[in-house]
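*Asks:* here is my input, please return the structure:
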Amino acid sequence: MALTILIVDDEYFLREMLKDLFTIAGYNVMVAENGKEGLSKIVEHCPDFVLLDVSMPVMNGFETLEKIRNNPKFINLPVMMFSANLGEQEQIKGLNLGADDYIVKPFKPLILLTKVKNILDRKRKSIDVNPLTGLPGNLSIEETIKKNINDKINFSLLYMDLSNFKSFNDKYGFGCGDDVIKFTANLLQTVVKNFGLPTDFVGHIGGDDFVILTKNNDGSVLAENIIGNFDKGIKKFYSEEDLKNGYIVSTDRNDNIQKFPIMTIAICIISADVVNFVDFAEISERVAQLKKLAKKNKKSSYVFERRTNLR
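*Replies:* This next block holds a predicted model:
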């Protein structure tokens, strides 16, 4: 779905020129001739980006930007300001009010398009970042997999899932659970740094699920080091009594009291050496099946995809 650009400027010919420029570039475009009209369209249509002139009648760009940022709904709406005469103080004022960037009239169309694209890309990536671990999320994971498939890059996908995490979370609390997730994220990044390649990718699907995309052989070296370091490091999150027992006592999903073993990590590996990667959905489906197989083992372990055809 095309993103929507709102152009707010009192000059008719400039509005039309910008409208044509962004339309040709593949955006949906709306226009407004002053700040008041622009605010109304922002509230009604929620555009993805606002190109805002500084000098306008009725309500100038600074007043408009201040009202945009005072609305919590639009606190992260990307706004670029532009004007024929932007001095240092004006630029500082706009930046303090929350402008994402400036461009000075007259401007080169390709420079403007590139600036807008870069701001939108940064916004998309920042939204996709997991707030707990700082790792890229589902959107970035899917895009990276699809790019590797399209570019016919030979890579392996490692899918990590923690066994008995929920029972740990229930007994020790969400704060301790978050600490385990951050520990796991840091461990994966460290292992990739030490045993992977600079181009390897670590992502956080959410909860206790992570992925690694690696071009370093079949991924078994990474898996073995992840398991070794996880089994050592996870012990620090348990009490001495629970470690001595080798389990914790908690409730299952049906509120029955159960004994749950110390947390382990299950890793599924699908390699392009074995499987002809074709479609992201097919890979996701097979990972779900492998995940069940990997979690049958009571110890931390990894399993390979052995079938050459995912269907």
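*Asks:* so I119 makes contact with D100?
*Replies:* Yes: with contact defined as C-beta atoms under 8 Å, I119 counts as touching D100 (5.4 Å). Every C-beta, even on glycine, is put in place using the N, C-alpha and C of the backbone.
*Asks:* overlap of the contact sets of those two?
*Replies:* 78, 80 (C-beta atoms under 8 Å, 6 or more residues apart in numbering).
*Asks:* neighbour count for those two, which is higher?
*Replies:* Taking other C-beta atoms under 10 Å, I119 and D100 do not tie; D100 has more neighbours (21 against 16).
*Asks:* sketch out the low-pLDDT regions of the stretch 1-150 of the chain for me.
*Replies:* For the stretch 1-150 of the chain, residues meeting the criterion pLDDT under 70 lie at 86.
*Asks:* tell me the strands in it, going along the chain?
*Replies:* Using DSSP state E, counting those that start in this stretch, the strands of the stretch 1-150 of the chain run over 4-8, 28-32, 49-53, 79-83, 101-104.
*Asks:* now those strands as CSV including distance to L112 and mean neighbour count?
*Replies:* What follows is those, written out as CSV (distance: least, C-beta to C-beta, whole Å; neighbours: other C-beta atoms under 10 Å):
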stretch, distance to L112, mean neighbour count
strand 4-8, 11, 24
strand 28-32, 13, 19
strand 49-53, 8, 25
strand 79-83, 8, 23
strand 101-104, 6, 15
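*Asks:* tell me which of those lies nearest to I265.
*Replies:* strand 49-53 (41.1 Å; C-beta to C-beta).
*Asks:* which neighbouring elements make contact with the closest one?
*Replies:* Applying 3 or more C-beta pairs under 8 Å, 6 or more residues apart in numbering; DSSP states H and E, we find strand 49-53 packed against strand 4-8, helix 35-45, helix 61-70, strand 79-83, helix 109-128.
*Asks:* looking at the ones you listed, which is closest to G177?
*Replies:* Taking C-beta to C-beta, helix 109-128 is the member of the helices and strands packed on strand 49-53 nearest to G177, at 22.1 Å.
*Asks:* ok and that closest one relative to strand 4-8, angle-wise?
*Replies:* 120 degrees (axes from the mean of the first three to the mean of the last three C-alpha atoms, to 10 degrees).
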